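Engineer: Return a 3D structure for these sequence lines:
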Amino acid sequence: MILVAALVILLPFAAAVAGLLGSRFPRGLRGGAADLAANRRAAWIAVVPTAISTVLTIWLMFFLRQGVPTSPDGSVPAALNPSPGPNPSSEGGLLHGAITDTWTLIDTGSVPISVGLFVDGLSAAVAVLVTVVALAVQIYSIGYLSGDRRYPSYSAFISLFTSAMLLVVYAADLLVLYVGWEIMGLCSYLLIGHWWEDRANSRAAVKAFLVTRIGDVGFLFGIFVLGTAAGSFRITDVIAKVPEMSSGTIIAATMLLLAGVAGKSAQVPLHTWLPDAMAGPTPISALIHAATMVAAGIFIVARLYPVFLGSRPTLDVLAVIAALGMLGAALAALAQDDIKRVLAYSTISQLAYMAGALAAGSRNAAIFHLITHGAFKALLFLCAGAVIHAVGSNLMREMGGLRRELPVTFVTMTIGLAALMGLPPASGFFSKDEVLVAMERALSAGPLTDAAALLLYGCALATVAATGAYATRAWLLTFFGERPAVALPEPAPGTAHVIDTHEAPATMRWPIVVLAVPALLLGFLGIADVHWGTAALSVVVALLGAGTVYAVWRSDPLSDPARMLGPFRTPCERAFYVDSVYRTLFVQPVLGLARLVVRADDRVVDGAVRGSGRATVGLAGLARLAQNGNAQLYLTGLFAGVLLIAIGAVIFG
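Structural biologist: Residues are numbered from 1 along each chain as shown. As a prediction, this is how the structure comes out:
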C-alpha cells in the first residue's frame, strides 16, 4: 500500500516535468496555433495524472477507514496518539490504521535521514483534500487561462505544487518533509508572479517568498533541535522520545517550529504576504488558500501534536496568535473592496480558528475545520474568479445585481458563504461548532492558562459576528442592488454599446458545481458530535452580524455597508497598518542600508579600481611625453643627466 502513496506523489511530479519539457515538443513552435496546441497538450498532461492521484488517495483513505491495522507491529503507532484532552473520545477518530515504510537511510555522520513515507488517517484525509482541490483548480484553469501563452508552465507549477504538498502530508521524516515544504515556497513565488509584467505582481511574489522564508529559518532550526534531541528525524521516533526530552528543549523546538507555521499559514505576525498574494491568477489563490501552502502549517502542528502538547507555553503563544489573527483579519475583511482580498483575510481568520482549536487541545476539531474550509474556500475563490471573469474587475463597487446574469455562480457562492458563516446545513456549521466547543472546554480544563483560554474564546465569538458581517456584505454587494453605470468608449458608427455578462465556460462552471457538494454536505460526517447549545449560540451571533450589515445596506443600497465602521473603517481597510509598521521598522532601514552599500561599492570599491586605472593612464601620459621620437630632446636629456651627475659628484664627492 505504501507504493500507492508514493505513486500519488510521483504522478503530479511527473506531470510537472512532462509539462515543462514536453508541452511544445517536438518543434518548440510559438505563437498562434502553436500556443493553442501546446496549451491543449499541457492541459491533458496536468489533469490526467492529478485525476489518477485523486482516485488513489480516495481509495487509500477508505482502505484505512476500514480499521485494518497495517503498521509493522499490527497497530497504530502509540506515539501518534496525543494525550487525552478534555474529550478524549473525540481525539481518536482520525486514526484507523497506519502504513509506513523506509526505503533507505542516508548517513550524515550524526543523525541519519530516513527516506520513507507514513500514511495514517490524518494524512489520508488531508491528501484527499489536496488532490480534489488541485484537480478542480487544474480543470478550472483551462477556461480561466484560455489563450495564455504561459499556461503550460503554469499548469506544470500547479502539478509541482500539488506533489510538494503531498510529500509534506505523507513524509515519514522531518527533513524529507522539509523538502516538500520549501518546494511549495518556490511554487508559490512562481505562481503568484505568473503575470510578472505588472511590477505589483512581481513584488507580491517576492514579498510572499521573503516573508515565508523568515519563518522557514526558524522552522528548520526547530527540526534540527527535535532531531538532535531524539537522535532521529523520523516523525514516529521524535514523538516517541518526547517524554525523555527536557522541557527547555521541547519549548525551544516548538517555538521555532511555530515561526514556520506562522509564515506558511499566514498567522500573526507573518500574515502580511497573503493578501498581496491575490496578485496571482484566481485559481492559484484557491489552491494556496484551500489545500496547499497555508494548510501545511496547520497540518504540521497536527502531525507533531504530542510534541506541542508537551509545551504549554507554546500553546499559550499559539492561542494568543490565533485570537489576534482571527478577529483582526475578520475586521480587515469587513472593510476591503477587492473581493479576493476579502477572501484572503477570511482565510487568515479561519486558519486562526484551526490554530485556536489546536491550542485548546482538540486536533480533530482543527483538522475537521481544515477539510471543510478547504472545500468551501476553494469554492468561494473559484466563484470569485467566475464573477471577475464576467465583470472584468476585482472590485465589489463595480459589481451588483449579478444573481440574474450568473445564476449558477450565485447559488454556489451562496452555499460557500453560508459555510463560511457557519450556517446550517452547510459544512462550516458542523466544523465551527467543534472548534468553539474545544475553546469553550479549554476555559475549565485544557492545556491553556485561564487568561489565554478566555482571550481565545472571547475573540472566537466576536469573530463569528464579524464573519457573518463581511460574508453578508460581500454577498449583497456582488449579487444584489444595481450594477453601477460604467462609461464605455464610444463605439464605431452604426453599433451599440453591449455589456455581455454571462456564466463562465463549462471548464470553470463544473468544478464550482462539484465543489458545492462537499461545501454543503461534508459537515454531516460530524453530525453525531454536534453540541446544539454552542451551535445555536454560534448561529445567533453570526446572524446578528449579518442582520446588522443587511439593515445598514437596506437603508441605502447604493452605499457600502462598511460605512457602519465609522472612523475605524480606514484602519480596518489598511489591516491596522501592520504593513506600514513593517515598512517603517524593517523595509526602509534595509533599503537604506542597501543603498548605502551600493554607494560604497560604487564610490569606494569601484572608485578605487577606476582611480587606479586613471592613475595608470596619467603616468603613461607622462612617460609618453619622453617617448616622442625627437633625437635632439633625447641628447639634451642625456647631457642634462650627465651634467647633474657631475655636479653631484663634485659637491658630494
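Engineer: I'd guess residue 400 is in a strand, am I close?
Structural biologist: No - counting by DSSP: H, G, I helix; E, B strand; the rest coil, one finds residue 400 to be coil, located in no strand.
Engineer: these two touch, right, it and residue 484?
Structural biologist: Yes - between residue 400 and residue 484 there is a contact under C-beta atoms under 8 Å: 6.6 Å. Backbone N, C-alpha and C define where each C-beta goes, glycine included.
Engineer: More neighbours: which of the two?
Structural biologist: Ranked by neighbour count (other C-beta atoms under 10 Å), residue 400 and residue 484 place residue 400 first, with 19 against 11.
Engineer: Distance of the more buried one relative to residue 409?
Structural biologist: With distances taken as C-beta to C-beta, to the nearest Å, residue 400 is found 14 Å from residue 409.
Engineer: what do you get for residue 593?
Structural biologist: Computed as C-beta to C-beta, the residue 593 to residue 409 distance reads 48 Å.
Engineer: Show me which of those two is the more surrounded one.
Structural biologist: residue 409 (27 against 10).
Engineer: Just the element for that one, please.
Structural biologist: Per DSSP states H and E: residue 409 is located in helix 407-421.
Engineer: for the helix or strand hosting residue 283, packing partners?
Structural biologist: Residue 283 belongs to helix 282-290 when assigned by DSSP H and E. In terms of contacts (3 or more C-beta pairs under 8 Å, 6 or more residues apart in numbering; DSSP states H and E), helix 282-290 is packed against helix 121-144, helix 151-170, helix 174-192, helix 339-360, helix 363-391.
Engineer: The longest one vs helix 339-360, what angle?
Structural biologist: Calculated by axes from the mean of the first three to the mean of the last three C-alpha atoms, to 10 degrees, helix 363-391 forms an angle of 180 degrees with helix 339-360.
Engineer: and helix 363-391, what does it pack onto?
Structural biologist: Looks like helix 363-391 contacts helix 121-144, helix 282-290, helix 294-303, helix 339-360, helix 407-421, helix 427-442, helix 506-521 (3+ C-beta pairs under 8 Å, 6+ apart).
Engineer: Could you tell me how far the first one lies from the centre of the chain?
Structural biologist: It refers to helix 121-144. Distance of helix 121-144 from its chain centroid, counting by C-alpha atoms, centre = their mean, to the nearest Å, is 15 Å.
Engineer: helices or strands up against that helix?
Structural biologist: Looks like helix 121-144 contacts helix 2-22, helix 33-65, helix 151-170, helix 282-290, helix 294-303, helix 363-391, helix 506-521 (3+ C-beta pairs under 8 Å, 6+ apart).
Engineer: what do you get if the cut-off is 7 Å, keeping everything else the same?
Structural biologist: Using 3 or more C-beta pairs under 7 Å, 6 or more residues apart in numbering; DSSP states H and E as the contact test, the elements touching helix 121-144 are helix 33-65, helix 151-170, helix 282-290, helix 294-303, helix 363-391, helix 506-521.
Engineer: Show me what the mean pLDDT comes to for stretch 174-190.
Structural biologist: Mean per-residue pLDDT for stretch 174-190: 95.
Engineer: do the same with stretch 265-278
Structural biologist: 94.
Engineer: pretty sure residue 559 is in a strand, no?
Structural biologist: No - counting by three-state DSSP, residue 559 is not found in a strand; it is coil.
Engineer: Got the phi and psi for it?
Structural biologist: phi -100, psi 160 (degrees, to the nearest 10).
Engineer: Can you check the pLDDT for it?
Structural biologist: We have a pLDDT of 88 for residue 559.
Engineer: The nearest residue to residue 127 once chain neighbours are set aside: neighbouring residues, count only.
Structural biologist: Nearest residue to residue 127, sequence neighbours excluded (C-beta to C-beta, 6 or more residues apart in numbering): residue 57, at 4.5 Å. The number of residues packed near residue 57 is 27, by other C-beta under 10 Å.
Engineer: what about this structure, any weak spots by pLDDT?
Structural biologist: For the chain, residues meeting the criterion pLDDT under 70 lie at 26-31, 67-97, 485-501, 626, 653.
Engineer: how near is residue 419 to residue 387?
Structural biologist: Going from residue 419 to residue 387 by C-beta to C-beta gives 18 Å.
Engineer: oh sorry, the question was meant for residue 631
Structural biologist: Here the criterion is C-beta to C-beta. By it, residue 631 lies 92 Å from residue 387.
Engineer: who's more crowded, these two?
Structural biologist: Using other C-beta under 10 Å, the more surrounded residue of residue 631 and residue 387 is residue 387, with 26 against 7.
Engineer: what's that one in contact with, if anything?
Structural biologist: For residue 387, the contact set (C-beta atoms under 7 Å, 6 or more residues apart in numbering) comprises 339, 399, 402, 406, 409, 478.
Engineer: returning to that earlier point: what comes into contact with the helix holding residue 283?
Structural biologist: For helix 282-290, contacts defined as C-beta under 7 Å, 6+ apart pick out 133-134, 137, 140-141, 144, 158, 161, 188, 191-192, 277-278, 294, 340, 347, 374, 377-378, 381-382, 384-385, 388.
Engineer: buried set for the host helix or strand of residue 536?
Structural biologist: Element membership of residue 536, judged by DSSP H and E, is helix 532-555. The neighbour-count check on helix 532-555 (16 or more other C-beta atoms under 10 Å) flags 534-535, 537-539, 541-543, 545-546, 548-550, 552-553 as buried.
Engineer: ditto for stretch 180-197
Structural biologist: 180-185, 187-194.
Engineer: Which of those sits closest to residue 440?
Structural biologist: Closest approach to residue 440 among the buried residues of stretch 180-197 (C-beta to C-beta): residue 181, at 33.0 Å.
Engineer: so that closest one makes contact with residue 169?
Structural biologist: No - shown here, residue 181 and residue 169 do not form a contact pair, counting by C-beta atoms under 7 Å, at 10.9 Å.
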